[in-house]
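Colleague: Attaching a predicted model along with its sequence, questions to come.
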Amino acid sequence: MRILVKGAGVAGLTVAHELVRRGAEITISDPGRNFSRAASWLAGGMLAPWCERESADEAVLERGRDSADRWDAILPGRVLRNGTLVVAPNRDQNELKRFASRTTGYRWIEEREIATLEPSLAGRFRHALLFPQEAHLNPREVLQLLKNDLLAKGANFIEGLADDGDFTEIVDCTGAARVGESRELRGVRGEMLYLQTQEVALSRPVRLLHPRFPVYIVPRGEGLFMVGATMIETDSDGPITARSLMELLNAAYALHPAFADAAIVETGAGIRPAFPDNLPRVTRQGKTILINGFYRHGFLLAPAMAAEAADLIFSGHDNDRNRQCA
């Protein structure tokens with residue numbers, strides 16, 4: 001079976017991996033070299049279904065609870081299972097209680113345990129929520145490793161357009177590029193930045209709650225931290241705005257004052273595709289399977305959606321073979 005996968009973000013690469021694993025011959029069309037156009041390049045990489053339940057549908061938790069295991073099976077040893085820490089400034093403790101009321105899978109911890117888990121945060125927060133089953137990974141590392149693995153297994157990457165007629169099936173994973181083409185799909189802008197400092201060390205993602213701009217800070221190693229992300233209902237592309245930059249920097253400073261002297265090594269903005277219910281969908285249109293609408297849950301849900309798409313493709317061909325045999 002010859003299959004064309006359009007798009008080389010996390011959705012395209014995970015479905016390609018799943019299809020190769022099942023014996024398909026895969027070509028991946030990647031118009032942006034080195035992931036330059038993939039929203040996945042700007043992702044936090046948090047595998048945090050229990051935290052996401054605070055604002056997401058129950059389906060995100062159900063589909064994402066085994067995400068860390070799925071990623072471990074795809075790329076062994078790349079998942080960091082240190083949990084997620086959720087904190088709030090002392091004046092915003094009601095935000096922490098509200099978050100707890102909307103989630104499960106956590107336990108309350110106090111100042112002493114916070115300091116044990118994250119010495120850099122010692123004395124800064126009285127209470128926190130620890131989600132011990134959650135994990136994270138480095139999206140940029142994972143994207144490159146997935147691509148290398150696919151190349152080693154014989155997948156073909158092309159930069160230009162391919163002739164759809166040369167393939168048995170098409171899998172469209174072009175994400176925000178379909179905003180405006182798909183009637184229900186909308187774009188949601190997310191902005192982020194990378195800070196570097198040797199004055200702060202974190203072992204796990206930390207979510208800082210705030211009534212106006214809750215953010216997360218994810219350690220990348222060697223003093224590098226990803227700070228994200230805004231959620232703006234627009235598909236307008238372009239550089240990060242001054243307001244968003246100030247809010248993200250203020251939030252980082254609220255987590256630890258040493259971030260005030262950190263170097264800003266990168267800023268970025270991307271468009272996340274989303275359906276009205278903010279849940280991804282796998283649908284068929286003729287011989288094309290469309291996977292889209294990941295919203296803010298790309299790395300969390302991509303492995304599960306890839307398996308769903310592969311099931312749809314292979315079940316269809318199994319039915320064709322059964323009809324031919326009959």
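Modeller: Nice, thanks for sending it over. Keep in mind that what you see is a predicted model, and the values were worked out from it rather than measured.
Colleague: can we go C-alpha only for contacts and neighbour counts from here?
Modeller: Noted.
Colleague: any low-confidence regions in the stretch 51-200 of the chain?
Modeller: For the stretch 51-200 of the chain, no stretch is flagged by pLDDT under 70.
Colleague: can you pull out the strands in it?
Modeller: Applying DSSP state E, counting those that start in this stretch to the stretch 51-200 of the chain gives strands spanning 84-87, 107-110, 127-131, 135-136, 156-158, 169-172, 186-196.
Colleague: Looking at these, spot the one closest to Leu312.
Modeller: With CA to CA as the measure, strand 169-172 is the member of the strands of the stretch 51-200 of the chain nearest Leu312 (11.0 Å).
Colleague: one step back: out of the strands of the stretch 51-200 of the chain, nearest to Thr288?
Modeller: Using CA to CA, the nearest of these to Thr288 is strand 169-172, at 4.6 Å.
Colleague: Show me what the closest one packs onto, helices and strands only.
Modeller: For strand 169-172, the packing partners by 3 or more CA pairs under 8 Å, 6 or more residues apart in numbering; DSSP states H and E come out as strand 2-6, strand 288-292.
Colleague: can you give me how far the following helix or strand past the first one is from the chain middle?
Modeller: Spelled out, that is strand 2-6. Downstream of strand 2-6, the next assigned helix or strand under DSSP states H and E is helix 10-21. Mean C-alpha position of helix 10-21 versus that of the full chain (CA atoms, centre = their mean, to the nearest Å) differs by 15 Å.
Colleague: Helix 10-21 - what's its average pLDDT?
Modeller: Mean pLDDT, computed over helix 10-21, is 97.
Colleague: which other helices and strands contact it?
Modeller: Against helix 10-21 (3+ CA pairs under 8 Å, 6+ apart) you get strand 2-6, strand 25-29, helix 139-152, helix 298-325.
Colleague: which residues sit against that helix?
Modeller: For helix 10-21, the external contacting residues (CA atoms under 8 Å, 6 or more residues apart in numbering) are 5-7, 25-26, 28, 40, 143, 146-147, 150, 153, 155, 172-174, 291, 298-299, 302-303, 305-307, 309-310.
Colleague: Take the strands of the stretch 51-200 of the chain and lay them out in TSV including distance to Ser244 and mean neighbour count.
Modeller: Output for the strands of the stretch 51-200 of the chain, formatted as TSV (distance: least, CA to CA, whole Å; neighbours: other CA atoms under 10 Å):
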stretch	distance to Ser244	mean neighbour count
strand 84-87	21	24
strand 107-110	30	12
strand 127-131	25	22
strand 135-136	24	24
strand 156-158	36	15
strand 169-172	32	22
strand 186-196	7	23
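Colleague: neighbouring contacts of stretch 78-90?
Modeller: Against stretch 78-90 from outside (CA under 8 Å, 6+ apart): 48, 68, 71-72, 95-96, 125-138, 142, 203-210, 254.
Colleague: Just the ones of the residues you listed in helices?
Modeller: Mapping the contacts of stretch 78-90 onto helices (DSSP state H) picks out Ala68, Trp71, Asp72, Glu95, Leu96, Val142, Ala254.
Colleague: among those, who's most crowded?
Modeller: Ala68 (25 neighbours; other CA atoms under 10 Å).
Colleague: how close does that one get to Asn34?
Modeller: Per CA to CA, to the nearest Å, Ala68 is found 25 Å from Asn34.
Colleague: per the record, what domains does the protein have?
Modeller: Following automatic domain parsing, the chain resolves into domains at 1-80+136-184+277-326, 84-132+186-274.
Colleague: thinking again about what came up before, mean pLDDT for the helices and strands packed on helix 10-21: which is lowest?
Modeller: helix 298-325 - the lowest mean pLDDT of those, at a mean of 77.
Colleague: coming back round to it: nearest to Ala162, out of the helices and strands packed on strand 169-172?
Modeller: Once CA to CA is applied to those, the stretch that comes out nearest is strand 2-6, at 8.1 Å.
Colleague: Could you tell me the end-to-end distance of stretch 152-169?
Modeller: For stretch 152-169, the end-to-end distance is 22 Å (CA to CA).
Colleague: residues making contact with it?
Modeller: Contacts of stretch 152-169 (CA under 8 Å, 6+ apart): 1-4, 20, 25-33, 151, 170, 287-289, 313.
Colleague: 10 Å instead?
Modeller: The list of residues contacting stretch 152-169 from outside it, by CA atoms under 10 Å, 6 or more residues apart in numbering, reads 1-8, 16-17, 20-21, 24-33, 146-151, 170, 286-289, 313, 317.
Colleague: hang on, Ile271 in a strand?
Modeller: Yes - secondary structure of Ile271 (DSSP: H, G, I helix; E, B strand; the rest coil): part of a strand.
Colleague: So it sits against Ala39, correct?
Modeller: Yes - between Ile271 and Ala39 there is a contact under CA atoms under 10 Å: 6.6 Å.
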